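Engineer: Okay, sequence plus prediction incoming.
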Amino acid sequence: MNKVYGSAAEALDGLLFDGMTIAAGGFGLCGIPELLLQAIKEAGTQNLTFASNNAGVDDFGIGILLQTKQVKKMMSSYVGENAEFMRQYLSEELELEFNPQGTLAERMRAGGAGIPGFYTKTGVGTQIAEGKEHKDFDGETYILERGIFANLSIVKAWKADTTGNCIFRKTARNFNPPAAMCGKTCIMEVEEIVEPGALDPDNIHLPGIYVHRLVQGEHEKRIEQRTVREA
């Protein structure tokens, strides 16, 4: 089965529909599937729910979909760098489901493993726990968190072979593996596609069984917060 597509738009063909849930990899501006996000913007798909650590910045990452009002709900853990995100949330134009970062990662991983829910101590006694089932284990209180089962996963890797076995580069690994696992269909954009056998099996971060479609492209290297010291 050929997994390699000529462009992000081709890779998304037949998968997008209004009201769908998308799991997106990345942390800040590191390892985000920018080509696929741009293609979703151009497709005009509406009322999207995104499970993603954050929403990029105003003009990059998921932020470009907030600008066009294509996102209905965010399931995120950090939203501090996006002014439009904040504006839409405070004006009740955007639904927001806050998740502690570890909980969000585990909800994605659980979905990928077919686990419908798990108990965690994180969030007990806070707003995170409101409306969730509580259960005591060995004298400690835990809350039930549900696994995330997305219609589509979009992720970014460094290298992949044509079967989808891939390597993430350094911190760009972040949320990409669990995000890739929890989607019914996973599309991965990469900087380089190689032939099977070119990657050391011991270095594979995500096996190709989770990846359904691949696209190669040029990526912009942005810095979210540039900090320099005086001369």
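Structural biologist: Arrived safely.

Engineer: who does the host helix or strand of residue 193 touch, helix- and strand-wise?
Structural biologist: Assessed by DSSP states H and E, residue 193 sits inside strand 183-194. Strand 183-194 sits against helix 8-12, helix 34-43, strand 150-161, strand 213-216, with contacts defined as 3 or more C-beta pairs under 8 Å, 6 or more residues apart in numbering; DSSP states H and E. C-beta: built from backbone N, CA, C; applies to glycine.

Engineer: Can you tell me the strand partners of that strand and which way each runs?
Structural biologist: Its sheet considered, strand 183-194 pairs with strand 150-161 (parallel), strand 213-216 (parallel) by DSSP bridges.

Engineer: can you list the weak-confidence ranges in this protein?
Structural biologist: The chain contains no residues with pLDDT under 70.

Engineer: switch to 90 and redo it
Structural biologist: Scanning the chain for pLDDT under 90 picks out the ranges 1, 28, 56-59, 78-83, 220-231.

Engineer: ranges for the helices of this protein?
Structural biologist: For the chain, helices defined by DSSP state H occupy the ranges 8-12, 34-43, 63-67, 83-90, 101-112, 176-181.

Engineer: Let me know which of those is tucked in deepest.
Structural biologist: Most buried of the helices of the chain, by mean neighbour count (mean count of other C-beta atoms under 10 Å): helix 176-181, with a mean of 26.

Engineer: Dump that one to CSV, keeping only the CA atoms.
Structural biologist: Below are the C-alpha coordinates for helix 176-181, written out as CSV (Å, rounded to 0.1, in the frame of the first residue of the first chain):
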residue,chain,number,x,y,z
ASN,A,176,3.7,13.7,18.4
PRO,A,177,3.8,10.0,19.2
PRO,A,178,0.7,9.9,21.4
ALA,A,179,-1.2,12.2,19.0
ALA,A,180,-0.3,9.9,16.1
MET,A,181,-1.6,6.9,18.0
